[in-house]
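Peer 1: Just the structure for this:
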Amino acid sequence: MKILLIQPPKAPLTLGGEDVFIYEPLALEYLAAALAPHHDVRILDMRLDHGLPQALQSFQPDIVGLTAYTVHVNVVRRLCEQIKTWNPQVLTVVGGHHATVMPEDFLSPTIDLVVIGEGVFTFRDVVERFEKRERFDSVAGIAFAKGNGICLTEPRPMPELDSFPLPARQLTAAYRAHYYSEWMKPLASMRTSKGCPFRCNFCALWKLTAGRYLRRSPEKVVEELATISEPYVFFADDESLVDAARMKSLAELIHAAGIRKRFFLYGRSDTIARHPDLLELWRSIGLERVFVGFEFFRDEDLAFIRKGSTAADNEKAARILTDLGIEVYASFIVRPEFKRQDFAAFPPYCRKLGLRFATFAVLTPLPGTDFYAEVKDRLITGNYDLFDFIHTLLPTALPTEQFYEELCVLYQRAVPLHKQLPMFAKFPLLDIPPLLAKNRRILKRMRTLHRDYDSPEGRHDKLMASSGADRF
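Peer 2: The predicted structure is shown next:
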């Protein structure tokens, strides 16, 4: 069968995503790997290639699969409408994070099936049933419309990660030179684990694995690393460092295999603070950058989100990474309740940490999280296009226009210019002017975000985030 897998683009109002980075569509590459031996599979990355009509016409797929985070819900629904208009007989299947936490949001005449949970083997079963013209209700881990409601088949147990095939990266060959994060380009992505043992209230990732922290064997990770040609590798884990003994073993195996890459991974500040020797070992084999969710500068804010770490952990982790010469991708959160004095307290803290790079997201109640369940009745918008971690979804203490002005000022003041200069030195010289121009465009756009809530685009698609489970 001919199967087209689509990575959707962001919506016009959405800020972020491919505006600032593009990672390879690893989930689609896994799906393709399970199908490729027996089917003709192609991947269309619409963040880089908008040629859906041409792809449909030239490839003539029998099945189209799409993946979606919450921010992609409206985009994916519109893409499915376009696909069904082209050929109503095509089977349309949607999976991914949002499909797992709120499958009812994809119940639509133009979406045939929704895959819930890890989709590699589920989607393979769907393809086999479709090829044989068999019913889908015996496939575990899917949802579909039935009458005026939703039919959920029995859940599919989470497979062991070592059971997955290696991702079919050859299917993204045309795009691979364009996958990047800041200066790290071309950048490959790979998974070494899934899930998280912590219980942050703004995150649903730990729920997707029923609270388990799943690990690939270090030997399997090294086997896959040896197939990757890109110089930069991003570990697309929910949390990479939490199992220190496993990560030590993995580092030793990478060194023994003679693999030289420049690594980028996630690490909690408290994990880094407890295991400086582990970070030193990883630095010796090529760890260049660590994404650290510092989140806040006050312990009471960290406790509010159930982070499980402290401001002291943040300071110690930043010091360890800086002393080792590892770049810190510092991620912070701004609460909608913040007033001017709260915004003003952030830059001195960032400078205290000695940061050269910092990002600030607005605390976002995503569907599937405990935080969403607590505040969904207070949401000021239900338009999923705005669930981008920059548009506030909750009322702000400041007038919204002032809130975004403060956020822009925070971005401009958090890291002094003399600290940023060594980062710019990592980019090719010709890339620096476009980078500066892009940053200016993003800040200019950020200053206008308050207008989005009342714009025709902001009001379109009355798919209310709070209405999903209430409809059935």
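
Peer 1: give the contact list for Pro159.
Peer 2: Glu118, Val120, Phe121 (C-beta atoms under 8 Å, 6 or more residues apart in numbering). For the C-beta atoms, the positions are set from N, CA and C on the backbone; glycine is no exception.

Peer 1: Of those, which is the nearest to Phe343?
Peer 2: Closest approach to Phe343 among the contacts of Pro159 (C-beta to C-beta): Glu118, at 39.7 Å.

Peer 1: Tally up the residues packed near that closest one, please.
Peer 2: By the criterion of other C-beta atoms under 10 Å, Glu118 has 23 neighbours.

Peer 1: Quick check: chain neighbours aside, which residue is closest to the residue minimising distance to the centre of the chain?
Peer 2: The residue lying closest to the centre of the chain (C-alpha atoms, centre = their mean) is Tyr69, at 7.6 Å. In this structure, Tyr69 finds its nearest non-sequential neighbour in His97, 5.0 Å apart by C-beta to C-beta, 6 or more residues apart in numbering.

Peer 1: Can you report phi and psi for that neighbour?
Peer 2: Note on His97: backbone dihedrals following degrees, to the nearest 10 are phi -60, psi -50.

Peer 1: I figured the residue nearest to the centre of the chain was touching Val101, is that so?
Peer 2: No: assessed by C-beta atoms under 8 Å, Tyr69 is found out of contact with Val101, at 10.1 Å.

Peer 1: that older thread, what sits against the residue nearest to the centre of the chain?
Peer 2: Gly96, His97, His98.

Peer 1: quick check, nearest of the residues you listed to Glu288?
Peer 2: Closest to Glu288, out of all of the contacts of Tyr69 and judged by C-beta to C-beta, is His97, at 27.2 Å.

Peer 1: what about the closest one, distance to Gly119?
Peer 2: 11 Å (C-beta to C-beta, to the nearest Å).

Peer 1: In this protein, where is pLDDT below threshold?
Peer 2: By pLDDT under 70, the low-scoring segments of the chain are 456-472.

Peer 1: got the domain boundaries for it?
Peer 2: 2-152, 175-453 (automatic domain parsing).

Peer 1: got TSV for these, with distance to Met158 too?
Peer 2: Output for the domains of the chain, formatted as TSV (distance: least, C-beta to C-beta, whole Å):
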stretch	distance to Met158
domain 2-152	6
domain 175-453	6
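
Peer 1: Go through those domains and name the closest to Glu160.
Peer 2: That would be domain 175-453 among these, by C-beta to C-beta, at 7.2 Å.

Peer 1: ok, and for stretch 381-395, which residues are buried?
Peer 2: Within stretch 381-395, the residues scored as buried using 16 or more other C-beta atoms under 10 Å are 381-394.

Peer 1: Correction: the previous question concerned stretch 272-292.
Peer 2: Buried-residue list, stretch 272-292, by 16+ other C-beta under 10 Å: 272-276, 278-279, 281-283, 285-292.

Peer 1: swap in stretch 235-251?
Peer 2: Quick answer for stretch 235-251 (16+ other C-beta under 10 Å): 235-243, 246-248, 250-251.

Peer 1: one step back: please narrow the buried residues of stretch 272-292 to those residing in strands.
Peer 2: Taking DSSP state E, the ones among the buried residues of stretch 272-292 that sit in strands are Leu287, Glu288, Arg289, Val290, Phe291, Val292.

Peer 1: Residues in a beta bridge with the first one, which ones?
Peer 2: Here Leu287 sits in beta bridges with Phe263, going by DSSP bridges.

Peer 1: same deal with the last one?
Peer 2: According to DSSP bridges, the residues that bridge with Val292 are Ala330.

Peer 1: when you give positions from now on, start the count at 54
Peer 2: Got it, first residue is 54 now, which makes that one Val345.
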